[in-house]
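Student: Whatever this is, show me its structure:
(one chain, ligands or ions: 1)
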Amino acid sequence: MLNILYHYFGSKILHRIEPEIAHAIALCYLRLLNQLVRKKKNITPVLKTKICGMELPSPIGLAAGFDKNSEVFNASLSLGFGFVEVGTITPDPQIGNSKPRLFRLPEEEALINKMGFNNKGMLYVSKTALMPKLGIVGVNIGANAKSINKILDYTIIFEFLAHQFDYVTINVSSPNTQNLRELQKPEMLEKILKNVNAINVSLERQVPIFIKIAPDLSKNNLIEILNVCEENKVSGIIATNTTISPKTLKNPINFEGGLSGKPLFKPSNKILKILAKRKSASTVLVGVGGIFSAADIYEKIRMGASAVQIYSSFVYKGPMHLKKMETDLENLLLVDGYSSVEKAVGVSIG
Ligand SMILES: Cc1cc2nc3c(=O)[nH]c(=O)nc-3n(C[C@H](O)[C@H](O)[C@H](O)COP(=O)(O)O)c2cc1C
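Tutor: Numbering: from 1, shown residues only. Here you go, the predicted structure:
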(Lines give C-alpha, C1' and ligand atoms only; values in the text may rest on other atoms or scores of the structure.)
Protein backbone atom coordinates (compact mmCIF):
# COMPACT_ATOMS: atom_id res chain seq x y z
CA MET A 1 0.00 0.00 0.00
CA LEU A 2 2.76 2.41 0.99
CA ASN A 3 4.59 1.54 -2.23
CA ILE A 4 1.52 2.31 -4.31
CA LEU A 5 1.13 5.67 -2.56
CA TYR A 6 4.81 6.38 -3.14
CA HIS A 7 4.47 5.42 -6.78
CA TYR A 8 1.54 7.76 -7.45
CA PHE A 9 2.82 10.55 -5.24
CA GLY A 10 6.22 10.15 -6.90
CA SER A 11 5.02 10.20 -10.48
CA LYS A 12 2.32 12.85 -10.11
CA ILE A 13 3.80 15.36 -7.68
CA LEU A 14 7.52 14.83 -7.14
CA HIS A 15 8.33 15.35 -10.81
CA ARG A 16 6.92 18.87 -10.70
CA ILE A 17 9.19 19.88 -7.83
CA GLU A 18 12.81 21.02 -8.08
CA PRO A 19 14.76 17.71 -8.40
CA GLU A 20 16.87 17.95 -5.26
CA ILE A 21 13.86 18.91 -3.13
CA ALA A 22 11.93 15.99 -4.64
CA HIS A 23 14.82 13.70 -3.68
CA ALA A 24 14.78 15.07 -0.11
CA ILE A 25 11.01 14.41 0.13
CA ALA A 26 11.44 10.84 -1.15
CA LEU A 27 14.19 10.29 1.44
CA CYS A 28 11.90 11.59 4.23
CA TYR A 29 9.29 9.03 3.25
CA LEU A 30 11.91 6.26 3.01
CA ARG A 31 13.40 7.20 6.40
CA LEU A 32 9.98 6.64 7.91
CA LEU A 33 9.60 3.34 6.07
CA ASN A 34 13.11 2.38 7.19
CA GLN A 35 11.98 2.46 10.82
CA LEU A 36 8.89 0.37 10.09
CA VAL A 37 10.06 -2.45 7.84
CA ARG A 38 10.96 -5.72 9.49
CA LYS A 39 11.39 -7.98 6.49
CA LYS A 40 12.46 -7.66 2.89
CA LYS A 41 10.19 -8.44 -0.01
CA ASN A 42 9.86 -12.03 -1.21
CA ILE A 43 11.13 -12.38 -4.72
CA THR A 44 10.85 -15.35 -7.06
CA PRO A 45 13.54 -18.09 -6.76
CA VAL A 46 14.48 -17.62 -10.46
CA LEU A 47 15.92 -14.18 -9.66
CA LYS A 48 17.99 -15.37 -6.70
CA THR A 49 21.68 -15.18 -7.42
CA LYS A 50 25.06 -15.21 -5.68
CA ILE A 51 28.01 -12.91 -6.29
CA CYS A 52 31.31 -12.98 -4.37
CA GLY A 53 29.66 -15.15 -1.73
CA MET A 54 26.76 -12.72 -1.26
CA GLU A 55 23.26 -14.18 -1.67
CA LEU A 56 21.05 -11.72 -3.56
CA PRO A 57 17.26 -12.23 -3.75
CA SER A 58 17.36 -10.37 -7.06
CA PRO A 59 20.20 -9.13 -9.32
CA ILE A 60 18.70 -5.62 -9.41
CA GLY A 61 20.43 -3.27 -6.98
CA LEU A 62 20.08 0.38 -6.05
CA ALA A 63 23.10 2.31 -7.36
CA ALA A 64 25.22 4.63 -5.25
CA GLY A 65 24.16 8.25 -4.85
CA PHE A 66 20.53 7.72 -3.87
CA ASP A 67 21.14 6.85 -0.22
CA LYS A 68 24.27 8.94 0.27
CA ASN A 69 24.28 8.68 4.07
CA SER A 70 23.18 5.08 4.55
CA GLU A 71 19.85 6.09 6.05
CA VAL A 72 17.25 4.17 4.04
CA PHE A 73 18.84 0.85 3.07
CA ASN A 74 16.16 -1.30 4.73
CA ALA A 75 13.36 0.71 3.14
CA SER A 76 15.07 0.30 -0.26
CA LEU A 77 15.44 -3.46 0.27
CA SER A 78 11.77 -3.66 1.26
CA LEU A 79 10.80 -1.99 -2.03
CA GLY A 80 12.32 -4.96 -3.84
CA PHE A 81 15.96 -4.12 -4.50
CA GLY A 82 18.17 -7.21 -4.34
CA PHE A 83 20.98 -5.16 -2.81
CA VAL A 84 21.74 -1.55 -2.00
CA GLU A 85 24.91 0.49 -2.38
CA VAL A 86 25.06 3.45 -0.01
CA GLY A 87 27.36 6.46 -0.45
CA THR A 88 29.50 7.88 -1.84
CA ILE A 89 30.84 8.55 1.63
CA THR A 90 34.01 10.55 2.28
CA PRO A 91 36.10 10.66 5.46
CA ASP A 92 34.94 14.17 6.41
CA PRO A 93 31.42 15.51 5.91
CA GLN A 94 31.12 17.90 2.97
CA ILE A 95 28.33 19.99 1.46
CA GLY A 96 29.16 19.30 -2.17
CA ASN A 97 28.93 21.71 -5.07
CA SER A 98 26.67 24.75 -5.09
CA LYS A 99 22.99 24.39 -6.05
CA PRO A 100 21.29 23.90 -8.44
CA ARG A 101 23.27 20.74 -9.14
CA LEU A 102 20.66 18.18 -10.22
CA PHE A 103 18.69 18.54 -13.44
CA ARG A 104 16.06 16.46 -15.24
CA LEU A 105 16.03 16.01 -19.01
CA PRO A 106 12.60 14.32 -19.23
CA GLU A 107 12.51 14.10 -23.02
CA GLU A 108 15.81 12.18 -22.89
CA GLU A 109 14.82 10.19 -19.75
CA ALA A 110 18.10 11.42 -18.31
CA LEU A 111 19.52 13.27 -15.33
CA ILE A 112 22.53 15.54 -15.08
CA ASN A 113 24.15 15.90 -11.68
CA LYS A 114 27.12 17.79 -10.33
CA MET A 115 26.46 16.97 -6.69
CA GLY A 116 30.13 16.64 -5.68
CA PHE A 117 29.90 13.96 -2.95
CA ASN A 118 27.56 15.85 -0.61
CA ASN A 119 27.48 13.57 2.42
CA LYS A 120 27.59 13.56 6.21
CA GLY A 121 30.93 11.79 6.46
CA MET A 122 32.13 8.44 7.79
CA LEU A 123 31.47 9.06 11.48
CA TYR A 124 27.78 9.71 10.85
CA VAL A 125 27.53 6.68 8.56
CA SER A 126 29.23 4.40 11.10
CA LYS A 127 26.17 5.13 13.28
CA THR A 128 23.42 4.79 10.64
CA ALA A 129 25.03 1.53 9.51
CA LEU A 130 24.47 0.02 12.95
CA MET A 131 20.81 -0.70 12.14
CA PRO A 132 20.45 -4.48 11.48
CA LYS A 133 20.38 -4.93 7.71
CA LEU A 134 17.58 -6.82 5.97
CA GLY A 135 19.81 -7.77 3.05
CA ILE A 136 23.05 -7.07 1.24
CA VAL A 137 24.29 -3.50 1.69
CA GLY A 138 27.55 -2.26 0.21
CA VAL A 139 29.32 1.02 0.87
CA ASN A 140 30.71 3.24 -1.88
CA ILE A 141 33.71 5.28 -0.72
CA GLY A 142 35.42 8.37 -2.10
CA ALA A 143 37.85 11.17 -1.32
CA ASN A 144 37.07 14.61 0.06
CA ALA A 145 37.26 17.42 -2.49
CA LYS A 146 39.74 19.40 -0.36
CA SER A 147 41.89 16.43 0.56
CA ILE A 148 45.58 16.87 -0.18
CA ASN A 149 46.12 13.10 -0.22
CA LYS A 150 43.16 11.51 -1.96
CA ILE A 151 44.73 8.04 -1.93
CA LEU A 152 45.01 8.18 1.85
CA ASP A 153 41.31 9.08 2.11
CA TYR A 154 40.36 5.68 0.68
CA THR A 155 42.58 3.92 3.23
CA ILE A 156 41.14 5.91 6.12
CA ILE A 157 37.53 5.33 5.21
CA PHE A 158 38.04 1.67 4.29
CA GLU A 159 39.61 1.03 7.69
CA PHE A 160 36.76 2.87 9.43
CA LEU A 161 33.72 1.45 7.63
CA ALA A 162 34.49 -1.76 5.71
CA HIS A 163 33.65 -4.12 8.58
CA GLN A 164 30.12 -2.67 8.82
CA PHE A 165 29.11 -3.52 5.24
CA ASP A 166 28.84 -6.55 2.96
CA TYR A 167 31.11 -5.11 0.29
CA VAL A 168 33.05 -1.94 -0.49
CA THR A 169 33.10 -0.04 -3.77
CA ILE A 170 36.02 2.22 -4.52
CA ASN A 171 34.66 5.12 -6.50
CA VAL A 172 37.35 6.58 -8.74
CA SER A 173 34.95 7.69 -11.44
CA SER A 174 32.83 10.60 -10.24
CA PRO A 175 33.23 13.50 -12.66
CA ASN A 176 32.20 15.98 -9.94
CA THR A 177 35.29 15.97 -7.72
CA GLN A 178 38.26 17.61 -9.37
CA ASN A 179 40.93 15.12 -10.50
CA LEU A 180 39.13 12.13 -8.99
CA ARG A 181 39.08 10.30 -12.31
CA GLU A 182 42.89 10.59 -12.38
CA LEU A 183 42.81 7.86 -9.74
CA GLN A 184 41.78 5.44 -12.49
CA LYS A 185 45.37 5.63 -13.75
CA PRO A 186 46.99 2.22 -13.13
CA GLU A 187 49.74 3.49 -10.80
CA MET A 188 47.23 5.42 -8.66
CA LEU A 189 44.70 2.62 -8.56
CA GLU A 190 47.41 0.16 -7.61
CA LYS A 191 48.40 2.31 -4.60
CA ILE A 192 44.79 2.52 -3.41
CA LEU A 193 44.31 -1.22 -3.81
CA LYS A 194 47.52 -2.18 -2.04
CA ASN A 195 46.55 -0.01 0.93
CA VAL A 196 42.98 -1.28 1.23
CA ASN A 197 44.03 -4.89 0.68
CA ALA A 198 46.50 -4.61 3.55
CA ILE A 199 43.61 -3.59 5.80
CA ASN A 200 41.19 -6.11 4.34
CA VAL A 201 43.42 -9.11 5.19
CA SER A 202 43.51 -7.97 8.81
CA LEU A 203 39.70 -7.90 9.12
CA GLU A 204 37.85 -10.73 10.83
CA ARG A 205 35.70 -11.06 7.69
CA GLN A 206 37.33 -10.00 4.41
CA VAL A 207 34.96 -7.92 2.29
CA PRO A 208 34.65 -8.13 -1.50
CA ILE A 209 36.12 -5.00 -3.09
CA PHE A 210 34.65 -3.47 -6.26
CA ILE A 211 35.99 -0.66 -8.42
CA LYS A 212 33.50 1.70 -10.04
CA ILE A 213 34.71 3.04 -13.36
CA ALA A 214 33.76 5.77 -15.81
CA PRO A 215 32.15 5.15 -19.19
CA ASP A 216 34.49 7.66 -20.82
CA LEU A 217 37.58 5.43 -20.88
CA SER A 218 39.44 4.29 -23.97
CA LYS A 219 39.83 0.57 -24.64
CA ASN A 220 43.51 0.74 -23.63
CA ASN A 221 42.73 2.52 -20.34
CA LEU A 222 40.09 -0.05 -19.63
CA ILE A 223 42.40 -3.00 -20.18
CA GLU A 224 45.04 -1.39 -17.96
CA ILE A 225 42.45 -0.93 -15.20
CA LEU A 226 41.26 -4.52 -15.58
CA ASN A 227 44.85 -5.79 -15.29
CA VAL A 228 45.52 -3.77 -12.14
CA CYS A 229 42.25 -4.97 -10.62
CA GLU A 230 43.00 -8.60 -11.35
CA GLU A 231 46.59 -8.35 -10.10
CA ASN A 232 45.30 -6.82 -6.85
CA LYS A 233 42.50 -9.26 -6.05
CA VAL A 234 39.58 -6.95 -6.80
CA SER A 235 36.35 -8.98 -6.67
CA GLY A 236 34.51 -7.03 -9.31
CA ILE A 237 34.07 -3.98 -11.50
CA ILE A 238 31.00 -1.75 -11.50
CA ALA A 239 30.50 -0.35 -14.97
CA THR A 240 29.66 2.47 -15.09
CA ASN A 241 29.35 5.83 -13.40
CA THR A 242 27.84 8.84 -15.25
CA THR A 243 29.27 10.13 -18.52
CA ILE A 244 30.69 13.57 -19.25
CA SER A 245 29.93 13.16 -22.94
CA PRO A 246 26.78 14.74 -24.45
CA LYS A 247 27.21 12.70 -27.64
CA THR A 248 24.50 10.14 -26.91
CA LEU A 249 21.81 12.73 -26.19
CA LYS A 250 19.13 12.95 -28.89
CA ASN A 251 19.58 16.72 -28.72
CA PRO A 252 23.17 17.22 -27.52
CA ILE A 253 23.73 20.11 -25.13
CA ASN A 254 26.85 21.19 -23.30
CA PHE A 255 26.71 20.50 -19.60
CA GLU A 256 28.82 20.42 -16.47
CA GLY A 257 28.66 17.23 -14.40
CA GLY A 258 27.64 13.66 -15.17
CA LEU A 259 24.85 12.38 -17.38
CA SER A 260 22.83 9.29 -16.40
CA GLY A 261 19.72 7.53 -17.64
CA LYS A 262 18.74 6.36 -21.14
CA PRO A 263 21.62 8.03 -23.05
CA LEU A 264 24.10 6.09 -20.88
CA PHE A 265 22.80 2.66 -21.86
CA LYS A 266 24.91 2.22 -25.00
CA PRO A 267 28.19 3.74 -23.72
CA SER A 268 28.05 1.70 -20.50
CA ASN A 269 27.30 -1.47 -22.47
CA LYS A 270 30.32 -0.82 -24.67
CA ILE A 271 32.51 -0.82 -21.56
CA LEU A 272 30.80 -3.93 -20.19
CA LYS A 273 31.39 -5.77 -23.44
CA ILE A 274 35.14 -5.04 -23.51
CA LEU A 275 35.51 -6.10 -19.88
CA ALA A 276 33.44 -9.27 -20.31
CA LYS A 277 35.62 -10.41 -23.21
CA ARG A 278 38.91 -9.87 -21.40
CA LYS A 279 38.28 -10.53 -17.73
CA SER A 280 39.26 -13.68 -15.90
CA ALA A 281 36.48 -15.99 -14.74
CA SER A 282 36.66 -14.87 -11.11
CA THR A 283 36.16 -11.14 -11.79
CA VAL A 284 32.51 -10.21 -11.35
CA LEU A 285 30.88 -7.48 -13.43
CA VAL A 286 28.02 -5.29 -12.22
CA GLY A 287 26.25 -3.45 -15.05
CA VAL A 288 24.96 0.09 -14.45
CA GLY A 289 23.76 2.76 -16.83
CA GLY A 290 20.52 3.54 -18.60
CA ILE A 291 18.45 0.58 -17.41
CA PHE A 292 14.74 1.29 -17.92
CA SER A 293 13.30 -2.18 -18.58
CA ALA A 294 13.78 -5.88 -17.94
CA ALA A 295 15.04 -6.18 -21.52
CA ASP A 296 17.81 -3.70 -20.65
CA ILE A 297 18.74 -5.75 -17.59
CA TYR A 298 18.65 -8.98 -19.57
CA GLU A 299 20.94 -7.45 -22.21
CA LYS A 300 23.52 -6.50 -19.57
CA ILE A 301 23.30 -9.95 -17.97
CA ARG A 302 23.75 -11.69 -21.32
CA MET A 303 26.72 -9.40 -21.99
CA GLY A 304 28.41 -10.58 -18.79
CA ALA A 305 26.94 -8.68 -15.83
CA SER A 306 26.22 -10.90 -12.83
CA ALA A 307 24.10 -8.16 -11.28
CA VAL A 308 22.93 -4.67 -12.23
CA GLN A 309 22.19 -1.38 -10.49
CA ILE A 310 19.73 1.36 -11.32
CA TYR A 311 19.31 5.00 -10.36
CA SER A 312 17.67 7.24 -12.98
CA SER A 313 14.79 4.91 -13.89
CA PHE A 314 13.95 4.58 -10.19
CA VAL A 315 13.72 8.36 -9.99
CA TYR A 316 11.59 8.59 -13.15
CA LYS A 317 9.38 5.54 -12.68
CA GLY A 318 9.33 4.65 -8.96
CA PRO A 319 9.09 1.37 -7.05
CA MET A 320 6.15 -0.16 -8.96
CA HIS A 321 8.31 -0.14 -12.07
CA LEU A 322 10.98 -2.06 -10.16
CA LYS A 323 8.40 -4.74 -9.39
CA LYS A 324 7.41 -4.85 -13.08
CA MET A 325 11.03 -5.21 -14.16
CA GLU A 326 11.45 -8.15 -11.77
CA THR A 327 8.39 -9.95 -13.15
CA ASP A 328 9.41 -9.24 -16.74
CA LEU A 329 12.99 -10.36 -16.12
CA GLU A 330 11.78 -13.64 -14.68
CA ASN A 331 9.66 -14.18 -17.80
CA LEU A 332 12.54 -13.34 -20.14
CA LEU A 333 14.78 -15.86 -18.39
CA LEU A 334 12.16 -18.61 -18.34
CA VAL A 335 11.12 -18.13 -21.98
CA ASP A 336 14.75 -18.62 -23.01
CA GLY A 337 15.03 -21.72 -20.81
CA TYR A 338 17.20 -20.27 -18.04
CA SER A 339 16.17 -21.45 -14.58
CA SER A 340 18.42 -18.88 -12.91
CA VAL A 341 20.14 -15.55 -13.56
CA GLU A 342 23.55 -17.21 -13.31
CA LYS A 343 22.82 -19.44 -16.30
CA ALA A 344 22.28 -16.40 -18.55
CA VAL A 345 25.37 -14.44 -17.47
CA GLY A 346 27.64 -13.82 -20.44
CA VAL A 347 25.77 -15.98 -22.96
CA SER A 348 26.04 -13.32 -25.64
CA ILE A 349 29.81 -12.74 -25.29
CA GLY A 350 31.07 -13.22 -28.84
C1 LIG B 1 21.91 12.45 -8.54
C2 LIG B 1 22.94 11.36 -8.71
C3 LIG B 1 23.90 11.19 -7.74
C4 LIG B 1 24.86 10.19 -7.89
N5 LIG B 1 25.80 10.02 -6.90
C6 LIG B 1 26.69 9.02 -7.02
C7 LIG B 1 27.63 8.80 -5.99
O8 LIG B 1 27.65 9.47 -4.96
N9 LIG B 1 28.53 7.79 -6.16
C10 LIG B 1 28.54 6.98 -7.27
O11 LIG B 1 29.36 6.07 -7.36
N12 LIG B 1 27.64 7.18 -8.27
C13 LIG B 1 26.73 8.16 -8.15
N14 LIG B 1 25.81 8.34 -9.15
C15 LIG B 1 25.86 7.49 -10.35
C16 LIG B 1 24.92 6.29 -10.25
O17 LIG B 1 25.28 5.45 -9.19
C18 LIG B 1 24.95 5.46 -11.56
O19 LIG B 1 26.23 4.95 -11.77
C20 LIG B 1 24.55 6.31 -12.77
O21 LIG B 1 23.49 7.19 -12.45
C22 LIG B 1 24.14 5.45 -13.94
O23 LIG B 1 22.99 4.69 -13.68
P24 LIG B 1 21.52 5.13 -14.20
O25 LIG B 1 21.65 5.41 -15.69
O26 LIG B 1 20.65 3.97 -13.88
O27 LIG B 1 21.17 6.35 -13.46
C28 LIG B 1 24.85 9.34 -9.04
C29 LIG B 1 23.86 9.52 -10.01
C30 LIG B 1 22.91 10.52 -9.87
C31 LIG B 1 21.86 10.69 -10.93
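
Student: now do the same end-to-end measure for stretch 137-151.
Tutor: 24 Å (Cα to Cα, to the nearest Å).

Student: Mind checking the pLDDT average for it?
Tutor: Model confidence over stretch 137-151, given as mean pLDDT, is 96.

Student: what's the offset of that stretch from the middle of its chain?
Tutor: A distance of 16 Å separates the centroid of the chain from that of stretch 137-151, by Cα atoms, centre = their mean, to the nearest Å.

Student: what does the protein put close to the ligand?
Tutor: 63-65, 68, 87-88, 102, 111, 113, 115, 117, 140, 171, 174, 212, 241-242, 260-261, 264, 288-291, 310-313 (Cβ under 6 Å from any ligand atom). Every residue, glycine included, has its C-beta placed from N, CA and C.

Student: list the contacts for K219?
Tutor: I274 (Cβ atoms under 8 Å, 6 or more residues apart in numbering).

Student: Report the separation between it and C229.
Tutor: 16 Å (Cβ to Cβ, to the nearest Å).

Student: about what we covered before: let's see which of the residues of the chain next to the ligand end up in helices.
Tutor: In this view, these that belong to helices under DSSP state H are 312-313.

Student: Only the buried members of the residues of the chain next to the ligand: can you turn that into a PyMOL selection?
Tutor: Restricted to buried positions by 16 or more other Cβ atoms under 10 Å, the PyMOL selection for the residues of the chain next to the ligand reads:
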select buried, resi 63+64+65+68+87+88+102+111+113+115+117+140+171+174+212+241+242+260+261+264+288+289+290+291+310+311+312+313
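
Student: What segments of the stretch 51-200 of the chain are strands?
Tutor: With strands called from DSSP state E, counting those that start in this stretch, the stretch 51-200 of the chain shows them at 54-56, 60-62, 83-89, 102-105, 110-113, 136-141, 167-171.

Student: Any idea which of those has the lowest pLDDT on average?
Tutor: strand 102-105 (a mean of 90).

Student: residues near the residue lying closest to A129 once chain neighbours are set aside, how many?
Tutor: Distance criterion Cβ to Cβ, 6 or more residues apart in numbering; nearest residue to A129, sequence neighbours excluded, is Q164 at 4.3 Å. Applying other Cβ atoms under 10 Å, we find 18 residues neighbouring Q164.

Student: Please report the distance of Q164 from I291.
Tutor: Between Q164 and I291 the distance, using Cβ to Cβ, works out to 28 Å.

Student: Mind pulling the model confidence for the closest residue to the ligand within the chain?
Tutor: At 2.2 Å from the ligand, G65 is the closest residue in the chain, using Cβ to the nearest ligand atom. In this prediction, G65 carries a pLDDT score of 96.

Student: ok, for it, nearest residue in space, not its chain neighbours?
Tutor: Take G65 and drop its neighbours on the chain: the residue closest to it by Cβ to Cβ, 6+ apart is Y311, 6.1 Å away.

Student: Can you give me the buried ones in stretch 144-154?
Tutor: Under the neighbour-count criterion of 16+ other Cβ under 10 Å, stretch 144-154 has 144-145, 147, 150, 153-154 buried.

Student: Give me the subset of those that lies in helices.
Tutor: Per DSSP H, helices hold the following members of the buried residues of stretch 144-154: 150, 153-154.

Student: just the helices in the stretch 151-300 of the chain please.
Tutor: Ranges of helices within the stretch 151-300 of the chain are 186-200, 219-231, 265-278, 294-303, based on DSSP state H, counting those that start in this stretch.

Student: Which of these has the highest mean neighbour count?
Tutor: helix 294-303 (a mean of 22; mean count of other Cβ atoms under 10 Å).

Student: What is it packed up against?
Tutor: The contact analysis (3 or more Cβ pairs under 8 Å, 6 or more residues apart in numbering; DSSP states H and E) places helix 294-303 against helix 265-278, strand 284-288, strand 307-310, helix 312-335, helix 341-344.
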